[in-house]
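Peer 1: Quick one: sequence and predicted model below, then my questions.
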Amino acid sequence: MKFQPLLEQVKQYAISYFDVHHDPDLIYHNLRHTKDVVAAATQIANHYQLSDEDFFVVISASWFHDTGYFTDKKDHESKSVALATHFLKQHKVEQPVIDKVSGCILATKMPQNPADLLQQIICDADLFHLGTDDFRDKNKLLRKEMEAIKKHDIDKDEMAQLQHRVFTGA
């Protein structure tokens with residue numbers, strides 16, 4: 001299978017999906033975040049010199065991993081898998097590849113528990129901002145999003161507890 005042209009189609013589909021679906025509560029989990037995850041996943045995947053198929057898996061999963069937020073914020077990973085599966089089946093991608101993409105998307109569910117290298121790559125890419133100079137700004141956006149979704153303010157102690165769970169997997 002020619003993965004590179006299909007990866008461009010995945011990218012265009014994901015971008016148009018974000019353009020069509022609007023949710024003012026998604027201040028953090030938006031197209032900007034998705035593009036950041038794709039960039040980080042690309043950087044990490046290139047380090048490992050993945051095969052064309054595995055590179056396709058990781059980057060496709062990165063494009064789709066948060067699309068499910070538009071239909072179910074609590075179980076967005078499963079909704080993202082459904083969307084990715086539908087798209088990939090339409091493009092005649094073989095089931096083992098679809099399964100790997102699905103596994104990568106599901107691995108981003110908190111607390112993360114990646115089972116293999118491809119899942120580790122997307123999990124690291126999804127949290128890549130934690131080790132950057134953009135952490136504070138992105139953390140503020142995430143807090144605003146959580147407040148919008150929960151419909152209440154999140155004080156510093158509650159946010160610190162949430163961050164602690166992210167860092168420790170607790």
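Peer 2: Cool, got the structure.

Peer 1: Now do the contacts for the residue nearest to the spatial centre of the chain.
Peer 2: In the chain, the C-alpha nearest the mean C-alpha coordinate belongs to H65, at 3.4 Å (Cα atoms, centre = their mean). Taking Cβ atoms under 8 Å, 6 or more residues apart in numbering as the definition of contact, the neighbours of H65 are T34, V37, E77, S80, C104, I105, T108, I122, D126. Placement of C-beta: from N, CA and C, glycine included.

Peer 1: so how far is D36 from it?
Peer 2: 12 Å (Cβ to Cβ, to the nearest Å).

Peer 1: E53 too?
Peer 2: As for E53, its distance to D36 is 24 Å (criterion: Cβ to Cβ).

Peer 1: and if you look at K140?
Peer 2: Distance from K140 to D36, counting by Cβ to Cβ: 15 Å.

Peer 1: Compare neighbour counts for these two and give me the winner.
Peer 2: For K140 and D36, the more surrounded residue by other Cβ atoms under 10 Å is D36, and the numbers stand at 18 against 13.

Peer 1: Roughly how far does that one sit from V97?
Peer 2: Note on D36: its distance to V97, by Cβ to Cβ, is 24 Å.

Peer 1: Look at C123 and say how many residues are nearby.
Peer 2: Other residues near C123 number 20, with proximity taken as other Cβ under 10 Å.

Peer 1: Which strand or helix spans it?
Peer 2: Using DSSP states H and E, C123 falls within helix 117-126.

Peer 1: Dump that helix to PDB, restricted to CA.
Peer 2: As requested, C-alpha coordinates have been extracted for helix 117-126 and formatted as PDB (Å, rounded to 0.1, in the frame of the first residue of the first chain):
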ATOM      1  CA  LEU A 117       6.700   1.400  20.700                       C
ATOM      2  CA  LEU A 118       4.000   2.900  18.400                       C
ATOM      3  CA  GLN A 119       1.700   3.500  21.300                       C
ATOM      4  CA  GLN A 120       4.600   4.900  23.300                       C
ATOM      5  CA  ILE A 121       5.300   7.400  20.500                       C
ATOM      6  CA  ILE A 122       1.800   8.800  20.300                       C
ATOM      7  CA  CYS A 123       1.500   8.900  24.100                       C
ATOM      8  CA  ASP A 124       4.700  10.900  24.300                       C
ATOM      9  CA  ALA A 125       3.700  13.100  21.500                       C
ATOM     10  CA  ASP A 126       0.300  13.800  23.100                       C
END
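
Peer 1: Done for today, thanks.
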